[in-house]
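> Sequence first, then the predicted structure, then my questions.
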Amino acid sequence: MIATLIVIAVVVLLVLWMIGAYNGLIGLKNRVANAWKQIDVQLKRRHDLIPNLVNTVRGAMDFERTTLEAVIAARNKAVNATGVAATAKAEGELTQALGRLFALTEAYPQLKATGNVAQLQEELTSTENKIGFARQLYNDVATEYNTRQATFPTMLVAGLAKASPAELWQITDDTERAVPTVDLSSTKPTP
């Protein structure tokens with residue numbers, strides 16, 4: 001009789017543990033998806049601000065057309081990117097193009113004095129900060145999820161929860177790590 005009770009208690013504990021492990025993995029999977037959506041919201045805001053900035057500076061920077069075109073092309077590539085790795089790569093290229101644009105606007109006093117340009121730059125900077133925090137949260141949650149599903153004994157339940165490793169947001173191209181350089185020594189702003 002006691003042996004039967006012990007076996008039943010062990011089975012009940014095992015089932016309860018499996019339910020807890022399964023629910024924990026599902027919860028983490030949902031947190032990873034939510035964290036990605038938070039990045040997506042901030043990236044959309046960024047993508048919506050860029051055309052306004054380009055249009056605001058376009059008239060004053062006619063001879064810098066290649067920089068403006070590079071920003072627009074990088075934005076379009078970023079908007080159409082899918083998946084964590086492709087999005088990270090496209091967003092890195094967009095960040096570099098924006099860095100060059102911001103550096104060039106410094107050479108134009110009339111642009112620096114324009115409230116619209118300053119406001120758009122401030123909004124983009126604020127959005128960049130929010131994107132950075134959202135990326136950090138995503139990577140933290142994704143790492144926790146990946147660790148949980150790969151460790152024993154939770155890994156025994158990972159298949160039931162259809163858990164698969166979440167891709168981390170990372171820089172894969174060393175050129176994305178480089179600080180953009182802009183040489184303004186040969187250009188002269190037009191009045």
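Thanks, I have the structure now. Every value quoted in this text rests on a predicted model; they were computed, and no experiment measured them.
> mind listing what Tyr145 touches?
Neighbouring residues of Tyr145 by C-beta atoms under 8 Å, 6 or more residues apart in numbering: Leu25, Leu28, Lys29, Arg31, Val32, Ala163, Ala166. In this view, the C-beta of every residue, glycine as well, is placed from N, C-alpha and C.
> Counting by contacts, list what the longest helix anywhere in the chain packs against.
Counting residues, the longest helix in the chain under DSSP state H turns out to be helix 2-58. Judged by 3 or more C-beta pairs under 8 Å, 6 or more residues apart in numbering; DSSP states H and E, helix 2-58 is in contact with helix 65-80, helix 84-105, helix 115-150, helix 155-158.
> Of these, flag the one that's most buried.
Using mean count of other C-beta atoms under 10 Å, the stretch among these with the greatest mean number of neighbours is helix 84-105 (a mean of 19).
> Got the phi and psi for Gly159?
phi -60, psi -40 (degrees, to the nearest 10).
> one step back: need the worst-confidence member of the contacts of Tyr145.
Lowest pLDDT within the contacts of Tyr145 is found at Ala163 (92).
> The longest helix of the chain to helix 65-80, inter-axis angle?
150 degrees (axes from the mean of the first three to the mean of the last three C-alpha atoms, to 10 degrees).
> any idea how far the closest residue to Ala21 other than its chain neighbours lies from Asn23?
Nearest residue to Ala21, sequence neighbours excluded (C-beta to C-beta, 6 or more residues apart in numbering): Val157, at 4.3 Å. Val157 is 10 Å from Asn23, where distance means C-beta to C-beta, to the nearest Å.
> what's near enough to touch Val84?
Trp36, Glu167, Leu168, Trp169.
> Next, give me the two most distant ones among these.
Trp36 and Leu168 (11.2 Å; C-beta to C-beta).
> Which one's more surrounded, those two?
Neighbours per residue (other C-beta atoms under 10 Å) separate Trp36 from Leu168, with Trp36 holding more: 21 against 15.
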